[in-house]
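> Predicted model follows, preceded by the sequence.
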Amino acid sequence: MVIQMKFRKREALAEALAYLIGRDPACLELASQATCLVPIPLGNRRIRQRGYNQSAIIARRLGKTWQLPVRYLLRRSRDTQP
């Protein structure tokens, strides 16, 4: 599912993955201790290739589910290998 989402332009799978994560008991426990969600940014080249940032989609969905704000606090300083 993750590979299809990241490398096969299956953006809807990010929503589905967030749905599953949002209901997992261990993840719910972690979320109860969190103050916000911070998605990992993609490099410019990768965002052009994929057309979307899967971690941002997951974070936004989980933010709604868990009623947590999503904060874009990180900046990608260099491109890395997938």
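Here it is on my side, so go on. Owing to the predicted nature of the structure, the values given are computational and were not obtained by experimental measurement.
> quick one: stretch 49-59 to chain centroid distance?
6 Å (C-alpha atoms, centre = their mean, to the nearest Å).
> Show me what counts as buried in it.
50, 53-59 (16 or more other C-beta atoms under 10 Å). Any C-beta I mention is one placed from the backbone N, CA and C, and that applies to glycine too.
> and which of those is nearest residue 79?
residue 50 (13.0 Å; C-beta to C-beta).
> Name all residues that make contact with residue 34.
66, 68 (C-beta atoms under 8 Å, 6 or more residues apart in numbering).
> try 7 Å this time
residue 68 (C-beta atoms under 7 Å, 6 or more residues apart in numbering).
> do residue 1 as well
If you count contacts by C-beta under 7 Å, 6+ apart, residue 1 has them with 13, 17.
> quick one: it and residue 17, what's the gap?
Distance, residue 1 to residue 17, using C-beta to C-beta, to the nearest Å: 6 Å.
> So for this structure, the centremost residue is which one?
residue 55 (1.9 Å; C-alpha atoms, centre = their mean).
> Count the residues that sit near the nearest residue to it once chain neighbours are set aside.
In space, and not counting its chain neighbours, residue 55 is closest to residue 39: 4.1 Å by C-beta to C-beta, 6 or more residues apart in numbering. When counting by other C-beta atoms under 10 Å, one arrives at 20 neighbours for residue 39.
> next one: residue 63
20.
> Repeat that for the one 10 residues further on.
Residue neighbour count, defined by other C-beta under 10 Å, stands at 9 for residue 73.
> from the buried residues of stretch 49-59, which single one is nearest residue 31?
residue 59 (11.5 Å).
> tell me which element that closest one is part of?
helix 54-66 (DSSP states H and E).
> Now that helix: average pLDDT?
Summarised as a single mean, pLDDT over helix 54-66 is 95.
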